[in-house]
Every structure is written in C-alpha cells, then in structure tokens.
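Chemist: Sequence and predicted structure below; questions after.
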Amino acid sequence: MDHEHQDIEEALRRIQPAGVDDRLLERLEDAVDGRLGVLGEEERVLEASLSRLRPGAVPEAIEADFLQRTQAISFPVDEKVVPFQRAGGGIAETAKQPAATAEPARRRRAWPAVAAALVAGVFTALMVPGGKQASPGPSATAGSAGNGGAPVVRQGAVGSVPAGLVPAGMGTDFNDARDLGVVWSADQRPMRVFRVTYKDRVVFRDENGKEAVVEVPRVEHILTPAEIE
Amino acid sequence: MGENRSNPPNVTPVAVTNPSASATAWREWLAEHGPKLLLFARQQTRSQEDAEDIFQDALVKLVGKIEEGSFTGGQEAWMPYLYTTLRRLAIDLGRRDDRRRRREDLVTADREQLSDGDHPWFDGESSDDETRQFLEMGLRELPEKFAEVIVMKIWGERTFAEIGEALDISPNTAASRYRYGLEALKRKLSGARRKGDLSI
C-alpha cells in the first residue's frame, strides 16, 4: 500500500467508534430479556386512547366494486371453520333467519361454557325433589301419583321394563367432553361445538329388593359463539 | 350461554355456496377488515386517492388469486397478504411519484398542497372529536417507520412477527418501533396535554 493510503489508514485507526449510549443499552437489554413489547404506564394510556379511534369506512365505490368482483366467488372457509348444515341439508339463507342472539361473536375460552353446562346438569340431577332425576332428556319424565311418585321411565329409552321391577332411582354421570371445532350457524355466525357425553342411570328394584341398573349413554352438543381471526 | 343440540352438526368442509349467504359473508368480511386495511394504505401513501387506489389494487389481487385457486394459506393468510401487498404497492407508487416529481421539479410547497387534511383517517364522534384530531395529527406527523408499526399493531391487530414479515424487519425491531413510536407520539402530543387541549 502506498504512503498516502497508509497515512489515511493510520488516521482512521486512531479514531474510535462512539460508545453505545444509555438509551440504546437499555433497549438492547430489553431485547435480550424479551421486554421490548412492555409498555410504560403512560404509553399504555396512549395506546388505549388510540385503540378507541375507529378507522374510516371503506368508500362505497370500492365496496361496490369489491362485491361485484366477488359475486361469482363462493366465500371460502378454512378447515377450522366450516358452514353449519341443517339436518335437512343446505345452508339457510341469512336474510330469512333471525339472529339467535343479538350478542356479537366473542372469544370465549372453551371450558367455562362446558363446565357451566355440566354444573347445570348435575344441579338438576341432585336438586329435583322426589329423588335423583336425570338431566332433561328423552329417557325420563317426572313421577306421577299413580306409581307413588317414583320416576317413570319411558319405554324405548331404556327398553321394556320387565314385570315386577319398578324404578327406584335415577342419576346422571358425566363421561366426556370434546371440542369438535367451529361450525357456521344458519345465520352464518361461527359457533364452537362441544360434544358432551353423559351416562343416565336408572335403578330398578324388584319385590325382593334386588336391584338392576340400566345405563344409557346420552350425547349433547353445545354451541357457543366463537371468534375467528 | 349456548344452545344444546341433540343432533350432531353435519361437519363437512365446503365453501359458502348459497349466493346470498356468500355475498353477505364477503360484505361482512369487508366491513370488518376494510377500514383497517384502508387506514394502513392511508398511512403508507400521500393522499386519500393514492390510498384508495392501492387498497383497491390489493383487494383485486387477493380476489384474483382466490378465484384462480392460486392463493395458499387459507383465509387466515388474507390479512398478512394484504398488508404486505399494500406496502409493496405503496413503495412502488412512491417511487413512481418521486421520479415524476424529479422530472417535473415540484417545489416543497406544491408537495404540501398534495396532502389532504379533508380526508380524516378516523371516524369522529362529536363528544371526543378534538382528541381524535390531536391523535390523528400526531400519528400523521410521526416518522413513517413508527406510524406504520403502530397502525398495524393497534388497528390491524397484527402480531410483531406478522408486522416484521410485512415490513421486512425482525419482530424485535417491530416491537422496538412500536414502543418508541408511542413514546415519540406522547412527546409530540405533550404540548397539547400541557395546555389542557388533550385529556389523555
């Protein structure tokens, strides 16, 4: 390297980079510790104020153009979100179906809704007067005066009742609860489906006091509004 | 709480094929997401007209890909795609405008006339319109690198990872710009707060 360049090189070597200022140091520490997204109190207040602002609506001309372009395109759905088809098939027309509730779909954690349903079922099973009675279902009706108040088991739900046996008690056990994912309701709202399995028990007793227990599984599907991102 | 159905739903993954329901679904999707996207377009461009242009272009691109079946990632990928597309369109538009202005030798005063104070970015409510105006003004005057992250985070509800993806920066940088952007906005608005014009 020639003499001129050597002088420049030495001059450059003699100057030192500026140090890292305190602000940058703090930022680097926050980055390493995962605190970059942590806001101070005043920033949180400002963030909340900004969040309350609503962006202006889409101009009508753009909306009309968009709807025209999508007219021939079926609105696609994810694997996670499927349309709800009624038992008779087909998807109900939104305009003809009143909304099930006026509440907008909100994010709900899965298990509080399931737990609430279970508590309601257990409460019903334990608190109905006249002995234990199954949660509402097709297999039992309230007792009548003719049989001394004992619950009458409807034929078909637990099969024919042999002669000499009378129902002596009923109960419901919780078996299983599963999250089946999200479906679209008839009015095109996403609903999360839970499949809850119970086991209804009916205890029969004969004239000698011998007991026979009949267990019938029962499945309920619970739908709660879901929010889809 | 919810409704009990004793018959299981017929869960079959299909599109919304009923035309009326499909049109409603599209309209509802646009009503929910359109304003957020348009806001980002406004932040990325120099005028309401430019914002609407790139907003419409981005939607057309998305619909085109869906129609021809070439969009990958499902519905949850629409918003990240649209934010990224809006940014690219805005950059392209900005470069074209800069080249044009260099050619036409516009002076700074002319450029300022191109900005539009007549098109507010946010809906105003009479009870709190002054706050809205101060916040909007502060946001408009923020350096672009802060404003775009704030817009995507607060109204776009994007994660820092998604913001980084769209803006081609790391999630950490996105988080930093968000925090320091809010600090910068707070400083910018401090004068109005001291005078009592701003209640936040």
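Modeler: Nice, I can see it.

Chemist: B:Asn122 is in contact with A:Gly56, isn't it?
Modeler: Check again: residue B:122 is Phe, not Asn. Yes. With contacts counted by CB atoms under 8 Å, B:Phe122 reaches A:Gly56, the gap being 6.2 Å. Where you see a C-beta, it was placed from the backbone N, CA and C, and this is true even at glycine.

Chemist: neighbour count winner among these two?
Modeler: Taking other CB atoms under 10 Å in any protein chain shown, B:Phe122 and A:Gly56 do not tie; B:Phe122 has more neighbours (21 against 18).

Chemist: Enumerate every residue touching that one.
Modeler: Residues counted as contacts of B:Phe122 (CB atoms under 8 Å, 6 or more residues apart in numbering or on different chains) are A:Leu53, A:Arg54, A:Pro55, A:Gly56, B:Leu39, B:Arg132, B:Leu135, B:Glu136.

Chemist: again with B:Glu67
Modeler: Per CB under 8 Å, 6+ apart, neighbours of B:Glu67: A:Ala72, A:Ile73.

Chemist: circling back to that earlier point, what subset of the contacts of B:Phe122 is buried?
Modeler: Neighbour-count burial (16 or more other CB atoms under 10 Å in any protein chain shown) applied to the contacts of B:Phe122 gives A:Leu53, A:Pro55, A:Gly56, B:Leu39, B:Arg132, B:Leu135, B:Glu136.

Chemist: in which helix or strand would I find the last one?
Modeler: When elements are assigned from DSSP states H and E, B:Glu136 belongs to helix B:129-141.

Chemist: Helix or strand next in line after that helix, which one?
Modeler: Trace forward from helix B:129-141 with DSSP H and E and the next one is helix B:144-154.

Chemist: Tell me which residues of that following helix come out buried.
Modeler: B:Phe146, B:Ala147, B:Glu148, B:Val149, B:Ile150, B:Val151, B:Met152, B:Lys153, B:Ile154.

Chemist: ok, and what's touching that helix?
Modeler: A:47, A:50-51, B:39-40, B:43-44, B:83, B:87, B:139-140, B:142, B:158, B:160, B:162-163, B:166-167, B:174, B:177-178, B:180-182, B:184-185.

Chemist: Can you say which of the residues you listed are buried?
Modeler: Listed as buried from the contacts of helix B:144-154 are A:47, A:50, B:39-40, B:43-44, B:83, B:87, B:139, B:142, B:158, B:160, B:162-163, B:166-167, B:174, B:177-178, B:180-182, B:184-185; burial here means 16+ other CB under 10 Å.

Chemist: Identify all contacting residues around the helix or strand encompassing A:Ala64.
Modeler: Assigned by DSSP H and E, A:Ala64 belongs to helix A:60-69. Helix A:60-69 has contacts (CB under 8 Å, 6+ apart) with A:Val58, B:Ala23, B:Trp26, B:Arg27, B:Leu30, B:Gly34, B:Glu52, B:Phe55, B:Gln56, B:Leu59, B:Val60, B:Val63.

Chemist: and what of stretch B:88-98?
Modeler: So stretch B:88-98 is contacted by B:Ala41, B:Gln44, B:Thr45, B:Arg46, B:Asp50, B:Asp53, B:Ile54, B:Asp57, B:Ala58 (CB under 8 Å, 6+ apart).

Chemist: Show the buried residues in those.
Modeler: B:Ala41, B:Gln44, B:Thr45, B:Arg46, B:Asp50, B:Asp53, B:Ile54, B:Asp57, B:Ala58.

Chemist: Report whether the expected contact of the first one with B:Gln48 is present.
Modeler: Pointing back at B:Ala41 there. No. Contact criterion CB under 8 Å: B:Ala41 and B:Gln48 do not qualify, at 9.4 Å.

Chemist: low-confidence ranges in chain B?
Modeler: For chain B, residues meeting the criterion pLDDT under 70 lie at B:1-15, B:17, B:105-118, B:125-128, B:193, B:197-200.

Chemist: about what we covered before: of the buried ones among the contacts of B:Phe122, which is the nearest to A:Arg189?
Modeler: A:Pro55 (23.3 Å; CB to CB).

Chemist: List the contacts of the closest one.
Modeler: B:Pro35, B:Lys36, B:Leu38, B:Leu39, B:Trp121, B:Phe122, B:Asp123, B:Trp155.

Chemist: can you do 6 Å?
Modeler: Contact analysis of A:Pro55 by CB atoms under 6 Å, 6 or more residues apart in numbering or on different chains lists B:Pro35, B:Lys36, B:Leu39, B:Phe122, B:Trp155.

Chemist: quick one: the first one and chain A, what's the gap?
Modeler: Between B:Pro35 and chain A the distance is 4 Å, computed by CB to the nearest CB, to the nearest Å.

Chemist: Assumed B:Pro80 was part of a helix.
Modeler: Yes. Looking at B:Pro80 with DSSP: H, G, I helix; E, B strand; the rest coil, it is inside a helix.

Chemist: my read: it touches B:Glu162, true?
Modeler: Yes. Counting by CB atoms under 6 Å, B:Glu162 is a contact partner of B:Pro80 at 5.4 Å.

Chemist: Next, the buried residues of stretch A:17-30.
Modeler: A:Arg27, A:Asp30.
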